[in-house]
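[1] Following is a predicted model, sequence given first.
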2 protein chains.
Amino acid sequence: MSSDRCSPSTVSIALAERSYDILIGPQLLDDPATWQGLPRAAVALIVSNETVAPLYLERLRIRLLAHYGRVDAVVLPDGEQHKDWPTMNQIVDHLLGSASDRKTVLFALGGGVVGDMTGFAAAIYMRGVPFVQVPTTLLAQVDSSVGGKTAINHPLGKNMLGAFYQPARVIADLDTLDSLPSRELAAGLAEVIKYGPIADPDFLDWIEANLGALLARDKAALAYAVKRSCEIKAWVVGQDEREQGLRAILNFGHTFGHAIETGLGYGEWLHGEGVGCGMVLASDLSVRLGLMPPEFLARMRRLIAAAGLPVRAPRLGAARYLELMRVDKKSEGGEIRFVLIEGLGKAGMRGAPDSLVAEVLEANAA
Amino acid sequence: MSSDRCSPSTVSIALAERSYDILIGPQLLDDPATWQGLPRAAVALIVSNETVAPLYLERLRIRLLAHYGRVDAVVLPDGEQHKDWPTMNQIVDHLLGSASDRKTVLFALGGGVVGDMTGFAAAIYMRGVPFVQVPTTLLAQVDSSVGGKTAINHPLGKNMLGAFYQPARVIADLDTLDSLPSRELAAGLAEVIKYGPIADPDFLDWIEANLGALLARDKAALAYAVKRSCEIKAWVVGQDEREQGLRAILNFGHTFGHAIETGLGYGEWLHGEGVGCGMVLASDLSVRLGLMPPEFLARMRRLIAAAGLPVRAPRLGAARYLELMRVDKKSEGGEIRFVLIEGLGKAGMRGAPDSLVAEVLEANAA
């Protein structure tokens, strides 16, 4: 691995007037250059959670005070079970209570939950204020902070209320991954692994060869994983911002994964854990439909297990899984549509007989 | 008034791929042609309220059953005090409870409250499903159903959560105005009157000359008022969809009006009543700032009173008015920005000294 992979790099999301940069590198938080050229306003609001705020909030606030007259903060409870309306409303209440105007810039400092809620609050407060993603988890750096999907959960379905709303910038400081619990690092690797089978066989090879370095938090390996993931995501989102077609491939493993998350109760499994196990199930389904050889399933299961992710699905019962998956956003007219692998580096959307889905669940049950 | 003003007409909103038509005329609800060419889906959901549903819901459902396999309905309580998250959530709960997919088309059958909430639900359900406006009040036909502003209220401010989200079509059946209470007709006239001073002196003359016919619900007069209002709004929205500048002129009278609505408690005054009185206050402020001659204030007060709208502001106290107006979406850095008339047919955004605003409130107090 060459050392230049550790220097800061920029990936751009090309969406006409909604284009923006993803900055990736170490020591970005404390570098004044990171914060130049953002939307100007009288007030900035940092949104973080109870876990991340003690680590990074003051450092961010100091940087932002060079650009904004007032820098407020809202600290939310941590965890997927709080990605709901009442918690998001704490952001809104703060904004309204402090008479923040529609130029106010929001900064999401944390993982996917903080990013999704802050982005959605920014999308709907006064019909839209600017926001900046400052992801501090691997999952958020490689996936959720990029591409403008914002959402909250509903008791009946994950990410069911939200908006496509692009950030003004994404700032992925790799040093923040030092403080990440191992379980969260593994969860982030699920989304890194995802990009291989759907878009880039070489990247899948690279992940297998460098999994040890990634788990050991080798900064150069992480830098490359984040950069390559963002490049693939930028390429997909640039073609299909609002998921009319292609973008759905980024949901490989998510149909099963969301059902696990919702079925067990939000926060029981991490999102990345659901996606990891969901990719095993979706790979198995791809094999059973004759789209991929059995070796592919074995390969995916091996890699996902080696990353420290679950490969066995909780026993919710096939009927409950099917019920949960029918409210998935990709469903149409009651038919569940899965993202399946049709060749290494190529994904497509397909339906499958309920009986075959039940077989997959049974074969991979915990 | 020539009789052709009563035949159906179409006004188009030009917003590239978000363009759509406003159909204006009598007997549109029952005309099969009205419902041709809308987005296709397995399921349609009509959202209405307890007042409007008994009058028109079944007629709409019959028409839609020719195009959608299932046509559901959600009937909400009536009134601005219900334009809130819990009420809007009834729409979301129905959609999720019935496993409605992201092609589901929502139809807003009612006035501005139903339209704003249905539009916002459509904007955020699964990050966006199509919706159609079927306005049944004059206010909704001339203003709120057109242009894609959707929102709900927050206890601390009106329309504080929302989205710019355009409908697929607006269907303004003039016959539905027959069932409108007189108080609501007057409230709608406030938004009609608004278009004169901000954009079209000739239209202001026409309104004055035809106010009697409008109040008597002359169909040809109403047809022209709706059409001309929609033309002006289409012209403004086509240039500034997301209110970066010009579009704010459509809020003439709304800064004071929203403060009255929020200050008295939502539902106490109708929105159009707040706007009517707000236009008197904003006209007075325009005069006191030397932008318009005193005759303009007298003319506006006379017309607004003749329309049956309040011209005297409730006594909330100047301090409370100023506090409420500082959370207005047009405020910047704590400065209230008013839409003021700078010449007949020309509006601009300006600040004003608090003391002058207090004088205006005192001079026009109830």
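    Yep, that arrived.

[2] Dig out what residue A:346 forms beta bridges with.
    Beta-bridge partners for residue A:346, by DSSP bridges, are residue A:343.

[3] Nearest spatial neighbour of the residue of the stretch 151-300 of chain A found nearest chain B, chain-adjacent residues omitted?
    Taking CB to the nearest CB, chain B has its nearest neighbour within the stretch 151-300 of chain A at residue A:156, 4.1 Å off. For the C-beta atoms, the positions are set from N, CA and C on the backbone; glycine is no exception. Leaving aside its chain neighbours, residue A:156 sits nearest to residue B:96 (4.1 Å; criterion: CB to CB, 6 or more residues apart in numbering or on different chains).

[4] part of a helix, is that neighbour?
    Yes. According to DSSP: H, G, I helix; E, B strand; the rest coil, residue B:96 belongs to a helix.

[5] That one touches residue A:157, doesn't it?
    Yes. Judged on CB atoms under 8 Å, residue B:96 makes contact with residue A:157 at a distance of 5.7 Å.

[6] which residues are common contacts for the two?
    residue A:327 (CB atoms under 8 Å, 6 or more residues apart in numbering or on different chains).

[7] before we move on, the earlier item: kindly tell me how buried the residue nearest to residue A:156 is, as a neighbour count.
    19 (other CB atoms under 10 Å in any protein chain shown).

[8] Let me see the contact set for it.
    With CB under 8 Å, 6+ apart, residue B:96 has these contacts: A:154, A:156-157, A:160, A:327.

[9] Pick out the most distant pair among those residues.
    A:154 and A:327 (9.3 Å; CB to CB).

[10] more neighbours, the two?
    Neighbours per residue, other CB under 10 Å: of residue A:154 and residue A:327, the larger number sits with residue A:327, 24 against 20.

[11] Once you drop chain neighbours, what's closest to that one?
    Spatially, and ignoring its direct neighbours in sequence, residue A:327 is nearest to residue A:157 (4.5 Å; CB to CB, 6+ apart).

[12] Residue A:14 too?
    Nearest to residue A:14 is residue A:238, by CB to CB, 6+ apart, at 4.7 Å.

[13] Could you count how many residues lie near the one you found?
    Residue A:238: 16 neighbours (other CB under 10 Å).

[14] residue contacts, it?
    A:13-15.

[15] in which helix or strand would I find the nearest residue to residue A:307 once chain neighbours are set aside?
    Distances taken as CB to CB, 6+ apart place residue A:189 nearest to residue A:307, at 4.4 Å, with adjacent residues excluded. According to DSSP states H and E, residue A:189 maps onto helix A:182-199.

[16] Same question for that helix: list its buried residues.
    Across helix A:182-199, burial judged by 16 or more other CB atoms under 10 Å in any protein chain shown covers A:184-199.

[17] do the same with stretch A:343-351
    Across stretch A:343-351, burial judged by 16+ other CB under 10 Å covers A:344-345, A:347-349.

[18] Could you let me know which of the residues you listed ends up closest to chain B?
    Nearest to chain B among those, counting by CB to the nearest CB, is residue A:349 at 13.2 Å.

[19] contacting residues for the closest one?
    Applying CB under 8 Å, 6+ apart, the residues near residue A:349 are A:248-249, A:330, A:337-340.

[20] how about a cut-off of 7 Å?
    Applying CB atoms under 7 Å, 6 or more residues apart in numbering or on different chains, we find residue A:349 in contact with A:248, A:330, A:337, A:339.

[21] cool, residue A:150 as well?
    A:116, A:119-120, A:123, A:162-163, A:165.
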